[in-house]
Each structure stands twice: as C-alpha cells, then as structure tokens.
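Chemist: Sequence plus the predicted model coming up.
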Amino acid sequence: MTYKIKDNNLIINRNKKYNILAVKDRDTDDKPREKMLRLGADSLSSAELLAIILSTGTKKEEVLNMADRVLKDYGKNAIINEKNPKNLEKEFGLPLVKSCQIVACFELGRRFFKEEKGSLITIRNAQQAFIYLKDMSNLNKEHFRGLYLNSRYKLVHNETISIGTLDASILHPREVFRPAVEHGASAVIIAHNHPSGVLKATPEDLEITRKLKEAGELLGIEILDHLIISKNKFVSLI
C-alpha cells in the first residue's frame, strides 16, 4: 500500500524516496516566485532558485524535484563550473534546452563575480583540497575531479573530469591534463568520491594514480595528490 503525507515542503511516499513538494501542491505564498517576491531571494533554497531558472519541469519530472536532483547528484561546485550543456543532458536525462539554461545561469554568475587573480584560492595540501571539495562527500554517483594550480599553488581552474565508476583502462591521461594545458597549470590535485562510504583505495584507484603521475612527469605537470572522499572524511593516495 502506498500513501502520501504532506509536511511543509516534503511529500513522503511509503517505499519511495522523500521528494520535494511540487510547486502546484504548495500554498501560493510558498511557491518559489511568490516566496522570492514576498521574502527576498535569500529565503529560497538552491533548488528553489534553480527551479525559477528552469521555469517548468517535464512530463516525467516536476521542476523542483528536477532542480534538487541535479544539484544533489552533480554537486554544487561541479555544476557551477560545468560549461557543456550536453554533459548535463547525457548524465541526468535533462532536455537540452534546460541544460543550456543551467549552464547559462552559472556562466553569467561567473562573469559577474569572477575573483581577481590576486584573491585566488591557495591550495597547498590535502586538507585544504578536501575543504574545497567537501561537497563531494554526499554525492550519489562517483565523480572524478581535478583542481588545477599555478606555480604559486593558486587555484586557476577546477573541473569534473568524469562521472561513474573509475576504470583505469577507460580514463585517459589526456582528459586530466588537457585542462592543465589550457589554463597554464603547473600542478594538479585529483579527487574522487566513494558513495559507498568506504575510504579504502581499490586497485583501480592505485593504477589511475600511477598512470597519471607517470604522464605528469613526461608533461612537466605534477600530480600533487589524489584524494578519496566520503562522508566528510578523506584519504590521500600520494
């Protein structure tokens, strides 16, 4: 037997995941646009703000659940830096138009609020890298990220390199080092999460680390570290 209980902004389905209460089922004053007009943008959650950008959902998915799913599964730092709408379309089954809306939204934000080079984030060790990448702790899928640093350990770029279980035979070093060359990086910190909560490195994790260190030596771009992140903890492989 399946039943639904409405509780503020949540709708609870027995034997199903908790879902955000659909816009159409909310009180008028609690709908994202009306809430923004009444209380200001600061009162909205990230999912509600993104839902306003997307405007509507699809026949299969309500807009607030779509926004919440993308933010949780992709990670906020990752989606902020995503520049290819086709990646969102492929990974999350979003319509291409909505994928373009998401990328355009964050690209506009980057242009308006881009940090000056003098105030770039400094990352010198695994602990600082973990603090920056902490949003990976609770991702539902395995993400492989790269932090690209200049010769003074200033972060010049970060990128989600792949999503899905890591496989040393599939992941090619060029995917990791291409952004380093494009952004003039001298060093790279790589990281991936283990959604299972297990921090122990797999043989594939160790093989990827070895391959990338060897490739980096040939290119003159150092792999400073490889972190495994899970449940607000991390382990360093280098």
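Modeler: Looks like it came in fine. Predicted, not measured: the structure shown is a model, and the values here were computed from it. Numbers count the residues shown, from 1 in each chain.
Chemist: Helices of this structure, residue ranges please.
Modeler: Applying DSSP state H to the chain gives helices spanning 32-39, 46-54, 63-74, 76-80, 85-92, 96-113, 126-132, 173-182, 203-219.
Chemist: Let me have these in JSON lines, extended by distance to residue 229, mean pLDDT and mean neighbour count.
Modeler: C-beta here means a position set from N, CA and C on the backbone, and glycine is covered the same way. Shown next, in JSON lines, are the helices of the chain (distance: least, CB to CB, whole Å; pLDDT from 0 to 100; neighbours: other CB atoms under 10 Å):
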{"stretch": "helix 32-39", "distance to residue 229": "31", "mean pLDDT": "89", "mean neighbour count": "15"}
{"stretch": "helix 46-54", "distance to residue 229": "20", "mean pLDDT": "89", "mean neighbour count": "19"}
{"stretch": "helix 63-74", "distance to residue 229": "15", "mean pLDDT": "86", "mean neighbour count": "21"}
{"stretch": "helix 76-80", "distance to residue 229": "12", "mean pLDDT": "77", "mean neighbour count": "17"}
{"stretch": "helix 85-92", "distance to residue 229": "19", "mean pLDDT": "86", "mean neighbour count": "17"}
{"stretch": "helix 96-113", "distance to residue 229": "22", "mean pLDDT": "86", "mean neighbour count": "14"}
{"stretch": "helix 126-132", "distance to residue 229": "7", "mean pLDDT": "94", "mean neighbour count": "17"}
{"stretch": "helix 173-182", "distance to residue 229": "17", "mean pLDDT": "92", "mean neighbour count": "16"}
{"stretch": "helix 203-219", "distance to residue 229": "12", "mean pLDDT": "93", "mean neighbour count": "15"}
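Chemist: among those, which is nearest residue 191?
Modeler: Closest of the helices of the chain to residue 191 is helix 126-132, at 6.7 Å (criterion: CB to CB).
Chemist: and the closest one, what other elements does it pack with?
Modeler: When contacts are defined as 3 or more CB pairs under 8 Å, 6 or more residues apart in numbering; DSSP states H and E, helix 126-132 packs onto strand 187-193, strand 222-230, strand 233-236.
Chemist: quick one, the second one and strand 187-193 angle?
Modeler: Read that as strand 222-230. If you take axes from the mean of the first three to the mean of the last three CA atoms, to 10 degrees, strand 222-230 sits at 20 degrees to strand 187-193.
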